[in-house]
Structure formats: C-alpha cells, structure tokens
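Student: Build the 3D model from these lines:
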Amino acid sequence: MTSSQPRAGTAAAGPRIRPVPAVSRPIAILRLLGRSREPLVLKSIAQELGMVTSTCLHILRVLVDEGLVKVDAGTKRYSLGVGMLALARSVMDNSPFASLVQPVLDRLASTWNVTAIGVDITGIDHMVVLALSRSRAPFRLHVDVGSRFPGLISATGRLVAAFAEVPATEIERRFRALRWEQPPDLAAWRKEVETVRRKGVSIDRGNYIAGITLIAVPVFEGTGRMTHSLVAAGLADQLSRTRINSLAQEMQAEARELSQLLTARS
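Tutor: Numbers count the residues shown, from 1 in each chain. Next up, the predicted model:
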C-alpha cells in the first residue's frame with residue numbers, strides 16, 4: 001500500500017527552551033489537577049510537584065481568582081474550575097480540524113466498529129485528542145477529548161518520528177523514556193518508522209496496549225507539515241491484515257480530503 005501524501009517535515013527541534021517557573025509551575029498544577037480523579041489538598045499538590053508549600057499556595061490563590069481552579073471551603077481541596085471550559089471551548093472554536101473531522105470519525109467508527117480519534121500534533125513533545133467517536137466493541141480506551149500523550153508513542157508517534165525533522169539522537173532519547181505495555185525494540189521501531197515514511201500509514205500491533213491494534217495516518221497542512229492524525233483503534237483479533245489494509249486506505253483518502261479542506265481554510 002502506498003500513499004500519495006507528500007513527504008512532510010516540521011521545523012527542526014529549534015533552540016532549547018529555558019524553563020520559566022512563573023509559567024511552568026501553574027501549568028504543572030493545572031495538569032496535576034486534570035489527571036487526578038479527586039480534588040487534592042495543598043500539601044499533596046506541593047509534594048507531588050516538589051514545590052515549596054507557600055509558593056504553591058500563592059499560585060493556587062491566583063488560579064482560583066481566575067476561575068481556572070476551584071477550592072472547597074470545607075475540605076480545602078482543589079480541583080479544576082469551570083474557567084478551564086471557556087479556554088477549551090476557545091481552542092475548539094478556533095480549530096477547524098475538530099469540526100471537520102467529527103463526521104469522518106463517526107463514519108469510520110460506524111462502518112468499521114473501531115474507536116476513531118482525531119489528534120492534534122504539537123512537534124515531538126505531545127499530541128492531544130481533539131475529537132473521537134467510540135465503537136460498539138466491548139472495550140473502552142482510556143481516552144477522551146483533551147487527553148494528552150507523549151508525541152512519539154503508539155501509531156501516531158511513528159508518524160511523528162517519520163515526518164519530523166529532528167536529530168536521531170533526540171528521537172532516541174525521547175523514545176527510551178516512553179512507556180509501552182509491550183515495548184518495541186529500538187532497532188525494530190526505527191525500521192517501522194522508515195516503512196511509515198514510505199507508505200504514509202502507521203500500525204501499532206499491541207505495543208502500546210496489549211490486544212489492541214491502532215492505525216494512524218497523517219493529515220498535512222498546505223506547507224506540507226503534518227499537523228494532525230486520524231487514528232483507528234480496535235481489538236486485534238477483529239482486525240485481520242486484509243481488514244487493516246482496507247481501513248487504512250479509507251483513512252488515507254479521508255486524510256487527503258481533510259488536508260485539502262484545512263489548506264483552503266488556512
């Protein structure tokens with residue numbers, strides 16, 4: 001199977017970003033609260049993030065004042081506030097991809113009985129789920145709109161490695177920090193990345209999640225840079241090689257159309 005998509009490249013890794021604690025600490029707090037299944041007390045937040053308690057408290061007070069975090073007056077526990085919804089809605093409203101991809105995901109999920117996902121790519125650092133449509137299969141991926149993953153993980157990660165112009169040493173460093181359920185060998189993974197570059201489709205057969213096959217194809221913007229991906233996830237025993245090839249071809253066709261639509265809107 002071949003792809004008519006152009007070979008794309010992102011900008012090189014660029015200058016190293018120096019940490020700015022006044023920015024990174026509030027972001028770390030928001031991410032921690034977003035990951036937590038229950039509200040957290042000040043001490044737990046400070047300890048988890050390695051912050052001085054008084055510093056953590058000052059930041060939390062500002063976040064509460066801005067509506068991004070809320071605190072229960074009785075328990076003194078902190079959680080994300082409704083102000084985060086306004087920020088998230090602004091992102092969705094300003095991203096044509098989310099609205100364009102949703103009907104595509106619905107068709108893929110209904111026709112192929114897979115969970116179909118639209119992903120935003122931010123360099124090699126991370127990827128974020130912007131839209132999804134769940135399958136009827138008796139399994140549920142732990143993924144929702146807004147879920148954030150390392151940029152090189154799973155099927156989309158192979159796409160990122162294939163189409164990003166980043167030094168091999170940096171790719172390898174980040175690869176070694178990834179957490180897989182069944183980690184692929186680095187040498188084998190590199191060969192898979194080369195295949196992905198040629199074919200324009202990436203397949204993860206149980207490496208990221210045992211028993212689950214993930215298929216990903218790139219979506220490019222007008223300059224030829226990969227900005228998004230389409231992902232399909234299904235039970236491995238329900239996705240034969242023939243079925244995977246057919247599904248991948250349909251996903252590539254949808255990705256080409258999305259690329260054209262995004263380019264026209266940019």
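
Student: quick one: the helices in this structure?
Tutor: According to DSSP state H, the chain carries its helices in the segments 21-35, 42-49, 53-65, 83-93, 96-112, 154-163, 168-176, 186-199, 241-265.

Student: how about JSON lines for those helices, with mean neighbour count added?
Tutor: C-beta coordinates here come from the backbone N, C-alpha and C atoms, glycine included. Output for the helices of the chain, formatted as JSON lines (neighbours: other CB atoms under 10 Å):
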{"stretch": "helix 21-35", "mean neighbour count": "14"}
{"stretch": "helix 42-49", "mean neighbour count": "16"}
{"stretch": "helix 53-65", "mean neighbour count": "15"}
{"stretch": "helix 83-93", "mean neighbour count": "13"}
{"stretch": "helix 96-112", "mean neighbour count": "18"}
{"stretch": "helix 154-163", "mean neighbour count": "27"}
{"stretch": "helix 168-176", "mean neighbour count": "14"}
{"stretch": "helix 186-199", "mean neighbour count": "15"}
{"stretch": "helix 241-265", "mean neighbour count": "16"}
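
Student: Specify the stretch among those helices that is closest to residue 122.
Tutor: helix 154-163 (9.6 Å; CB to CB).

Student: dump the residue contacts of residue 38.
Tutor: By CB atoms under 8 Å, 6 or more residues apart in numbering, the contact list for residue 38 reads 77, 79.

Student: Which pLDDT value belongs to it?
Tutor: Note for residue 38: predicted pLDDT of 93.

Student: Please apply the same query to residue 6.
Tutor: Reported pLDDT for residue 6: 37.

Student: circling back: put together CSV for the helices of the chain, with distance to residue 122 and mean pLDDT on each row.
Tutor: Listed next are these as CSV, based on distance: least, CB to CB, whole Å; pLDDT from 0 to 100:
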stretch, distance to residue 122, mean pLDDT
helix 21-35, 14, 91
helix 42-49, 22, 96
helix 53-65, 23, 96
helix 83-93, 12, 73
helix 96-112, 13, 93
helix 154-163, 10, 95
helix 168-176, 13, 90
helix 186-199, 19, 95
helix 241-265, 16, 93
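
Student: Minimum distance to residue 138: which of the ones you listed has it?
Tutor: helix 96-112 (14.5 Å).

Student: Show me what the closest one is packed against.
Tutor: strand 115-122, strand 126-133, strand 226-235, helix 241-265 (3 or more CB pairs under 8 Å, 6 or more residues apart in numbering; DSSP states H and E).

Student: residues in contact with that helix?
Tutor: Contacts of helix 96-112 (CB under 8 Å, 6+ apart): 92, 114-118, 120, 130-135, 219, 227-228, 230, 232, 234, 243, 247, 250-251, 254, 258, 261-262, 265.

Student: Serialize the helices of the chain to CSV and add fields for distance to residue 212.
Tutor: Below are the helices of the chain laid out as CSV (distance: least, CB to CB, whole Å):
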stretch, distance to residue 212
helix 21-35, 22
helix 42-49, 29
helix 53-65, 36
helix 83-93, 27
helix 96-112, 14
helix 154-163, 9
helix 168-176, 20
helix 186-199, 17
helix 241-265, 13
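
Student: between these, which one is nearest to residue 147?
Tutor: helix 21-35 (9.8 Å).

Student: Export only the CA atoms of that closest one, formatted as PDB.
Tutor: Output in PDB follows, covering the C-alpha atoms of helix 21-35 (Å, rounded to 0.1, in the frame of the first residue of the first chain):
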ATOM      1  CA  PRO A  21       9.000  28.800  36.800                       C
ATOM      2  CA  ALA A  22       6.400  31.600  36.900                       C
ATOM      3  CA  VAL A  23       4.800  29.900  33.900                       C
ATOM      4  CA  SER A  24       5.700  26.200  34.300                       C
ATOM      5  CA  ARG A  25       4.500  25.900  37.900                       C
ATOM      6  CA  PRO A  26       0.900  27.000  37.300                       C
ATOM      7  CA  ILE A  27       0.800  24.800  34.200                       C
ATOM      8  CA  ALA A  28       2.100  21.800  36.300                       C
ATOM      9  CA  ILE A  29      -0.600  22.400  38.900                       C
ATOM     10  CA  LEU A  30      -3.400  22.500  36.300                       C
ATOM     11  CA  ARG A  31      -2.100  19.300  34.700                       C
ATOM     12  CA  LEU A  32      -1.900  17.500  38.000                       C
ATOM     13  CA  LEU A  33      -5.400  18.500  38.900                       C
ATOM     14  CA  GLY A  34      -6.500  17.400  35.500                       C
ATOM     15  CA  ARG A  35      -5.000  14.000  36.000                       C
END
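
Student: No further queries at this time; thank you.
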